[in-house]
Structures are given as structure tokens and as C-alpha cells.
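> any chance you could fold what I've pasted below:
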Amino acid sequence: CKSLHSKEVTQLEQNINDLKHQLVDTENKFKLIQIEQEKINSINQNNLNQLNEKNQLIEQLQKRITEVELNLSKIDSNNIINQTLVDDVKRINDLRYENEQLKKDIQLLK
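This is a model prediction of the structure:
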């Protein structure tokens, strides 16, 4: 009976040792998983920071695009005004010429 008891104790001790080893293995795996998780969290944070920076850059670029479009619109308006002015100057010159011709005609008629 004592021999059986001794075998059981030995078996229980072996089981306890096995469980201790399993616990250490599991703890080590857990630590590795934690380290990996920290790396992933760091990568995610970096990605989030980059995303925020890019979003800010996009906003700045959109503002600049709006400014450029506004300036282009002003340039187009100025070009239209300038063309109108050029046309007006041509008309004035044509009218001056006609006026001079009419003056000459009147002089001839006198």
C-alpha cells in the first residue's frame, strides 16, 4: 500500500512539475504576445500619426487649390475686361479716323 502511495505521490509530483513547465511556457508565450502587441500598437500609432499628417496636408492643398482656382477666375475676368478694353480702344481709333475723314469731307464741301 505504501508503494502504491509512493507511486501516486511521484506521479502527482511529476504532474505538478509538468504543470509548472506548462505554466512557464504559457507565461513566456504570453510575454511574447504582449511584446508583439506593443509592436503592433506602435505601428498603428505611427500609421495614425501619418494619416493625420496626410489629412492635414490634403486640407492645406485643398485650400491652395481653391485659392488658385479663385486667382484663375480673376485672371479670366481680367482677360475678358482687357479684351473689352482693347476692343474699345480699336473702336475709339476707328471713330477718330472716321471723324477725321468727316472733317476732311466737310472741308471739301465748304
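
> where are the low-confidence patches of this protein?
Within the chain, the segments meeting pLDDT under 70 span 1-2.

> can you give me the strands in it?
With DSSP state E as the criterion, the chain has no strands.

> got the contact list for Leu51?
Leu51 makes contact with no residue, according to Cβ atoms under 8 Å, 6 or more residues apart in numbering. Placement of C-beta: from N, CA and C, glycine included.

> now it: how far from Gln45?
Using Cβ to Cβ, to the nearest Å, Leu51 is found at 11 Å from Gln45.

> do the same with Ile65
30 Å.

> one more: Ile106?
Ile106 sits 90 Å away from Gln45, going by Cβ to Cβ.

> again, but for Leu72
From Leu72 to Gln45 the distance is 40 Å (Cβ to Cβ).

> can you get me a residue count around Asn99?
Neighbour count of Asn99, defined by other Cβ atoms under 10 Å: 10.

> same question for the one 5 residues further on.
Neighbours of Lys104 under the rule other Cβ under 10 Å: 10.

> wait, what's in contact with it?
For Lys104, no contacting residues are found, by Cβ under 8 Å, 6+ apart.

> any idea how far Lys90 is from it?
Taking Cβ to Cβ, one finds Lys104 at 21 Å from Lys90.

> can you check Gln101 too?
Counting by Cβ to Cβ - Gln101 and Lys90 are separated by 16 Å.

> ok, now Thr26?
93 Å.

> just give me the neighbour total for Ile81.
10.

> got it, and Ser3?
7.

> same check, this time on the one 5 residues further on
By the measure other Cβ under 10 Å, the count of residues near Glu8 is 10.
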